[in-house]
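Q: Following is a predicted model, sequence given first.
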Amino acid sequence: MWSGAPLEATCTVHGTEMTNENTHSPGIAHNKNGILSALWYRCILPNGKSGYISEVYIAPTYRGGLGLPACPA
């Protein structure tokens, strides 16, 4: 998968917490785009394959769950 790949999100789940920051980097507190999240989206690729992607890798506009339902257990 490449950056900018179109994904169809179908539901969300809470799982392992992740960040898009290098927490050992000096000055990381100044990263205005940094995020720490345990929210994951179940997505379907155009070829039909599916999987989960952490919210930290999603563009800020599409974060927050998008009103999607929780994924079935």
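A: Thanks, I have it. Numbering: from 1, shown residues only.

Q: Need the pLDDT of the residue lying farthest from the centre of the chain.
A: Distance from the C-alpha centroid of the chain, by C-alpha atoms, centre = their mean, peaks at P26 (24.4 Å). pLDDT, the model's per-residue confidence, is 78 for P26.

Q: Put the alpha carbons of the strand ranked longest in the chain into CSV.
A: In the chain, ranked by residue count with DSSP state E as the criterion, the top strand is strand 8-19. Included here for strand 8-19 are C-alpha records, laid out as CSV according to Å, rounded to 0.1, in the frame of the first residue of the first chain:
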residue,chain,number,x,y,z
GLU,A,8,-13.0,2.2,2.2
ALA,A,9,-13.4,2.2,6.0
THR,A,10,-16.2,0.0,7.3
CYS,A,11,-15.9,0.1,11.1
THR,A,12,-13.6,0.9,14.0
VAL,A,13,-12.0,-0.9,16.9
HIS,A,14,-9.9,0.1,19.9
GLY,A,15,-6.6,-1.8,20.1
THR,A,16,-2.9,-1.2,20.6
GLU,A,17,-2.0,2.5,21.1
MET,A,18,0.3,3.9,18.5
THR,A,19,1.9,7.3,17.6
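
Q: got the residue ranges for the strands in the chain?
A: According to DSSP E, the chain carries its strands in the segments 8-19, 36-44, 50-54.

Q: can you list the residues that contact the first one?
A: Under the contact criterion C-beta atoms under 8 Å, 6 or more residues apart in numbering, strand 8-19 has outside partners 34-44, 50, 52, 54, 56, 62, 65-66, 68-72. C-beta coordinates here come from the backbone N, C-alpha and C atoms, glycine included.

Q: and if we set it to 6 Å?
A: The contact list for strand 8-19, computed with C-beta atoms under 6 Å, 6 or more residues apart in numbering, reads 36, 38-44, 54, 56, 65, 68-69, 71.
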